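Colleague: kindly return the folded structure for what I paste below:
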Amino acid sequence: MSARALVDAVWNAGGDPITLLPTSDTDWATRLRGFSAVLMPVGGDLNPELYGQSPESDELYGIDPLQDAADLSLTQWAIANKVPFLAICRGFQLVNVAFGGTLVQHMQNDHRHVVHQLQLDADAERLGVGAAPLESSCYHHQAIDRLGDGLRVIARATEGHVEAMAIDNGAWAYAVQWHPEDNAAENVQQAGLFAKFVEQAQNAPLI
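Modeller: Just a heads-up that it's a prediction; the model follows:
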């Protein structure tokens with residue numbers, strides 16, 4: 001669930017990850033020069049005002065306006081420019097908001113410290129996780145409510161919550177709710193997701 005775990009997962013898959021801190025500088029063509037893919041990571045909750053709601057839950061945490069603004073701007077830029085893109089947990093929720101979707105601010109039965117199986121669509125094979133049932137490690141208390149425009153559900157938890165989305169922009173662009181970095185070192189399917197992401201990055205032109 002840590003940034004280090006994500007960095008390790010990308011590195012172990014053959015990538016060379018660099019962390020960018022949020023600033024008000026949104027000249028992404030300059031800031032990302034020399035990169036070839038974007039991974040939008042885990043983190044705190046998005047400000048509900050970004051999806052047209054007032055904060056309604058005492059469970060909201062870690063809201064950071066600068067982080068929200070930078071992440072939304074980068075997500076929209078990367079998708080518009082067809083940069084290989086992977087979003088995880090907070091990143092997954094941010095993608096939905098970036099495309100006009102909304103979130104459940106706090107699930108009645110949240111998924112913090114939960115391991116469960118996912119139901120994958122055929123398109124989920126493009127994630128690199130294979131076609132077998134996938135066991136996922138989750139730590140989230142929010143969920144997709146209204147799906148954003150241009151997003152396609154490709155995996156759900158057994159109780160119905162959306163767990164993975166494809167972004168239909170003509171590039172390799174996906175978002176997952178679970179934490180594949182938690183056990184990527186031991187689980188071939190989770191490692192396969194990072195391997196596919198790195199493969200897409202290596203085959204893409206530098207920004």
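
Colleague: could I get the buried residue list for stretch 97-112?
Modeller: Val97, Ala98, Phe99, Gly101, Thr102, Leu103, Val104, Gln105, Met107, Asp110, His111 (16 or more other CB atoms under 10 Å). Yep, even glycine has a C-beta here, placed from its N, CA and C like the rest.

Colleague: Glu163: helix or strand, and which one exactly?
Modeller: strand 162-167 (DSSP states H and E).

Colleague: so Ala70 touches Pro22, yeah?
Modeller: Yes: counting by CB atoms under 8 Å, Pro22 is a contact partner of Ala70 at 3.7 Å.

Colleague: closest one to Ala29 out of the buried residues of stretch 97-112, please.
Modeller: Nearest to Ala29 among the buried residues of stretch 97-112, counting by CB to CB, is Ala98 at 18.4 Å.

Colleague: quick one on the thing from earlier: of Ala70 and Pro22, who's got more company?
Modeller: Taking other CB atoms under 10 Å, Ala70 and Pro22 do not tie; Ala70 has more neighbours (20 against 16).

Colleague: just checking, what packs against the host helix or strand of the more buried one?
Modeller: According to DSSP H and E, Ala70 maps onto helix 65-80. Contacts defined by 3 or more CB pairs under 8 Å, 6 or more residues apart in numbering; DSSP states H and E place helix 65-80 against helix 28-31, strand 38-40, strand 85-88, helix 90-98.

Colleague: try it again at 7 Å.
Modeller: strand 38-40, helix 90-98 (3 or more CB pairs under 7 Å, 6 or more residues apart in numbering; DSSP states H and E).

Colleague: kindly reformat these as a markdown table containing mean pLDDT and distance to Trp11.
Modeller: Output for these, formatted as a markdown table (pLDDT from 0 to 100; distance: least, CB to CB, whole Å):
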| stretch | mean pLDDT | distance to Trp11 |
| --- | --- | --- |
| strand 38-40 | 98 | 12 |
| helix 90-98 | 97 | 18 |
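
Colleague: what's the pLDDT at the closest residue to Leu103 other than its chain neighbours?
Modeller: Excluding the flanking residues, the one nearest Leu103 by CB to CB, 6 or more residues apart in numbering is Gln142, at 5.0 Å. Gln142 is assigned 87 on the pLDDT scale.

Colleague: ok, now how distant is Gln142 from Gly101?
Modeller: 12 Å (CB to CB, to the nearest Å).

Colleague: returning to that earlier point: list the contacts of the strand holding Glu163.
Modeller: 79, 85, 95, 118, 123-124, 127, 136, 144, 150-157, 173-178 (CB atoms under 7 Å, 6 or more residues apart in numbering).

Colleague: hmm, Ala171 is touching Pro84, no?
Modeller: Yes: using CB atoms under 7 Å, Ala171 is in contact with Pro84, at 6.4 Å.

Colleague: of those two, who's got more company?
Modeller: Pro84 (22 against 16).
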